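*Asks:* Output the structure for:
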Amino acid sequence: MSDPQNSKSFLFGSTKINYILSFQDRKTLGVRVYPNCNVKVIAPSGSSEEAISKKLKSKAPWIIKQLNDFLSYHPLTPPRKYVNGETHLYLGRQYKLKVEKADFNKVTLFRGRLYIQKKAETKTEKLLTEWYREKARVHFSDTLQKVLPLFAKYKIETPDLHIRNMPTRWGSCTPQGKVILNPELIKAPKGSIEYVITHELCHLIHHNHTKAFYDLQDQMMPDWRKWKERLEYSLV
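*Replies:* Okay, the predicted model is just below:
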């Protein structure tokens, strides 16, 4: 039987880590970091504060890394204004925006920055959207070619890949073998993109979410649940 949960915190260097502590009949201390950045600590019944503190400090670097990973695609990021210093996602990583006037239009990534050189009359949002779409076209195609050989024994033909804005879906497929992907998916981690494409290819074999479908998805991508969870809490 679990004891009531308590809100706690500890310092690791200059970083304050808040967590929820609970006790259970178990042998080891467990730490879980959730996509909403909550940290839950489950300690063996009767554990002393000293023992818990010592264990948490040894796990602090891992906890901070998990928190930073989830923050990189946290859903609470405000709407984009496309101004200098603002952060934008690409393949699961954040890049600071740097907009410069030029006599040409160009978007480049360099050392953690997303540089946009543009003519005065060009809208930053439009230029960046077009860049994202082109990157999506190339990366989605490459990922499809990477995943497709896993399905060789099912003898499915290479599907037609289409990119289309979809307000509520990351991807879909048609009975005719067309795979449609949301261009916003290019902002997600590579593993999440691979998960969506694998998911749609599984649908070419099993059209509904049956046990056979999930068994196939487990076979093709055993860690798909991790990448699905990351996608669900991403900024895109």
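*Asks:* quick one: buried residues of the worst-scoring helix or strand of the chain on mean pLDDT?
*Replies:* Sorted by mean pLDDT, DSSP states H and E, the helices and strands of the chain end with helix 224-232, the least confident at a mean of 85. Buried residues in helix 224-232, defined by neighbour count with 16 or more other Cβ atoms under 10 Å: Trp224, Trp227, Lys228, Arg230, Leu231. Quick note: C-beta positions are derived from backbone N, CA and C, even for glycine.
*Asks:* where's Cys37, which helix or strand?
*Replies:* Counting by DSSP states H and E, no helix or strand carries Cys37.
*Asks:* what about it, neighbour count?
*Replies:* 15 (other Cβ atoms under 10 Å).
*Asks:* And for Gln117, the neighbour number?
*Replies:* Around Gln117 there are 17 residues (other Cβ under 10 Å).
*Asks:* Tell me the one among the buried residues of helix 224-232 nearest to Gln66.
*Replies:* Closest approach to Gln66 among the buried residues of helix 224-232 (Cβ to Cβ): Arg230, at 11.2 Å.
*Asks:* Lys190 is in contact with that closest one, correct?
*Replies:* No: using Cβ atoms under 8 Å, Arg230 makes no contact with Lys190, being 10.6 Å away.
*Asks:* Pop the domain breakdown of the chain in here.
*Replies:* Here the domain parsing of the chain from automatic domain parsing is 6-71, 130-232.
*Asks:* Which helix or strand contains the residue of the chain positioned farthest from its centre?
*Replies:* In the chain, the residue that sits farthest from the middle, by Cα atoms, centre = their mean, is Gly46; the gap is 37.3 Å. Using DSSP H and E, Gly46 falls within no helix or strand.
*Asks:* That one and Gly30, how far apart?
*Replies:* 15 Å (Cβ to Cβ, to the nearest Å).
*Asks:* Kindly report the same for His162.
*Replies:* 44 Å.
*Asks:* what do you get for Pro222?
*Replies:* 22 Å.
*Asks:* next one: Pro175
*Replies:* Taking Cβ to Cβ, one finds Pro175 at 45 Å from Gly30.
*Asks:* ok, back up a step: if I look at Arg230 and Lys190, which residues touch both of them?
*Replies:* Common contacts of Arg230 and Lys190, defined by Cβ atoms under 8 Å, 6 or more residues apart in numbering, comprise Gly92.
*Asks:* what about Glu130, how many neighbours?
*Replies:* Glu130, neighbours per other Cβ under 10 Å, totals 12.
*Asks:* Ramachandran coordinates for it?
*Replies:* phi -70, psi -40 (degrees, to the nearest 10).
*Asks:* and the gap between it and Arg137?
*Replies:* From Glu130 to Arg137 the distance is 11 Å (Cβ to Cβ).
*Asks:* residue contacts, Phe10?
*Replies:* Here Phe10 is in contact with Lys16, Ile17, Tyr19, Ser53, Leu56, Lys57, Ala60 (criterion: Cβ under 8 Å, 6+ apart).
*Asks:* Any quick ChimeraX command for the buried ones out of those residues?
*Replies:* In ChimeraX, a selection of the buried entries from the contacts of Phe10 looks like this (16+ other Cβ under 10 Å):
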select :17,19,56,60
